[in-house]
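Asker: Starting from these lines, generate the structure:
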Amino acid sequence: MTAPYDYHIGVDYHKSYSHLVVQDSAGKTLRSGRVKNDRQSLGSFLERYRENSHAVVEATRNWMVMYDWLDDICDDVVLAHPLKVKAIADAKIKTDKIDATVLAHLLRADLVPEAWAPGEKARELRIALRERMFYVRLRTMTKNRIVTVFDRYPEQTAQLKKLGDLFGKTGRQQLATIKVSDIDRIQIDRGLDFIGDIDGRIKQSEVTIRAMTKTNRNVKLLKTIPGIGEFFARLIDAEVDDISRFRNPKKLAAYAGLVPSTYSSGGKTYHGKIIKQGNKWLRWAFVEAVAPAIVTDPQLRSQYEHLKFRGTNKARVAIARKLLTIAFQILSEQRAYERRGSIGEESVSSTISRPS
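Answerer: Numbers count the residues shown, from 1 in each chain. Alright, predicted model coming up:
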């Protein structure tokens, strides 16, 4: 149970305003109203309820702004999981006031399904990592657009398919020699220039990320895992934030969404595809790390090939979970990975050794 507070504050947070409901310990609404989203307006609204108060806000878009303001005003702030709150208190009639009131009631009854509120450093690193991922996605979209243009000239571009990287130095030289229509050439050249600009932005963001994690021991340890390079190590560390909040690897796997969906009825249990809920960035990092991992680690490669008879996607998810399990133990025990013995979910400790 939470400490006994005098005031319970439910906050329905929106882009330009928020609706607040303040209740006492008996559930009586003391104040309710819409507040402009700025520190001064929020402080004025809650002026009489600062002492011995706690508040709850859902982990929606840009939640950290309101969370930090409330943290300066109240004794405690709870970050609520929006999907779980909806499952508990779904209603056909939905207004800002009702949503804030429901949050206040759940907070008063200590029934808020909490979401993890990462520390300031982890938040800043997440922002920097997401910036880099945005630029990478933008570059991929631009490359695909250029490839689509060249696909309209199959006779001339047949040789280009033999190149490993169309947008490397050799690839660009070849692309410049292909004869296309004037409008297509204009679009292609602009696209190539844009890719060059994006590459510059990616390098700048990587400089920022390296500076933020220069002395991070967790990043150095995670890089010892097969398939986990600089970027994935930083991403995993930022998304996990504090490994002690997970009791075991299964809890971390559930948080990452690397567990199968389960349906149980009439004494029978069925397992389906992996759940769609969870931390999508963490899940993406471990799944993407599978390809380089099975290339560099013969044991993981052998297990991957053994599991492929069930399906390629199932094999990738299985190896991704093994990598996650190894990461859990590495972060928990602060030990580097060393390929040795068999790698199994229950015997991962055999793959971890203390750094010399």
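Asker: Enumerate the helices of the stretch 1-150 of the chain by residue range, in sequence order.
Answerer: Secondary structure of the stretch 1-150 of the chain (DSSP state H, counting those that start in this stretch): helices at 39-45, 63-73, 82-89, 96-108, 120-150.
Asker: Tell me which of these sits most buried.
Answerer: Mean neighbour counts were compared across the helices of the stretch 1-150 of the chain using mean count of other Cβ atoms under 10 Å; the top stretch is helix 96-108, at a mean of 21. Every residue, glycine included, has its C-beta placed from N, CA and C.
Asker: now residue 281, nearest residue through space, not along the chain?
Answerer: Once flanking residues are discounted, residue 281 sits nearest to residue 239: 5.4 Å by Cβ to Cβ, 6 or more residues apart in numbering.
Asker: Distance of the one you found relative to residue 72?
Answerer: Remark: distance between residue 239 and residue 72 (Cβ to Cβ, to the nearest Å) = 26 Å.
Asker: now swap in residue 120 and tell me
Answerer: From residue 120 to residue 72 the distance is 13 Å (Cβ to Cβ).
Asker: Also residue 132?
Answerer: Counting by Cβ to Cβ, the gap from residue 132 to residue 72 is 31 Å.
Asker: Likewise for residue 146?
Answerer: 49 Å.
Asker: Domain ranges for the chain, per the record?
Answerer: Recorded structural domains for the chain (assignment: automatic domain parsing) are 7-108, 120-212, 217-353.
Asker: picking that back up, indicate which one of the helices of the stretch 1-150 of the chain is closest to residue 14.
Answerer: Across those, residue 14 has its closest neighbour in helix 96-108 (7.4 Å, Cβ to Cβ).
Asker: Now do the closest one, average pLDDT.
Answerer: Averaging pLDDT along helix 96-108 gives 91.
Asker: now the helices for the stretch 201-350 of the chain?
Answerer: Using DSSP H, counting those that start in this stretch, helices in the stretch 201-350 of the chain cover 217-222, 230-240, 249-256, 280-288, 290-296, 298-307, 312-333.
Asker: Mean neighbour count added to those helices, as a markdown table?
Answerer: Below are the helices of the stretch 201-350 of the chain laid out as a markdown table (neighbours: other Cβ atoms under 10 Å):
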| stretch | mean neighbour count |
| --- | --- |
| helix 217-222 | 20 |
| helix 230-240 | 23 |
| helix 249-256 | 20 |
| helix 280-288 | 20 |
| helix 290-296 | 16 |
| helix 298-307 | 15 |
| helix 312-333 | 21 |
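Asker: Adding mean pLDDT and distance to residue 166, write the ones you listed out as TSV.
Answerer: Below are the helices of the stretch 201-350 of the chain laid out as TSV (pLDDT from 0 to 100; distance: least, Cβ to Cβ, whole Å):
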stretch	mean pLDDT	distance to residue 166
helix 217-222	94	32
helix 230-240	93	22
helix 249-256	92	33
helix 280-288	92	21
helix 290-296	94	20
helix 298-307	92	28
helix 312-333	93	25
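Asker: what about those helices, which gets the closest to residue 108?
Answerer: helix 249-256 (27.3 Å).
Asker: could you check the angle helix 230-240 makes with the closest one?
Answerer: Calculated by axes from the mean of the first three to the mean of the last three Cα atoms, to 10 degrees, helix 249-256 forms an angle of 100 degrees with helix 230-240.
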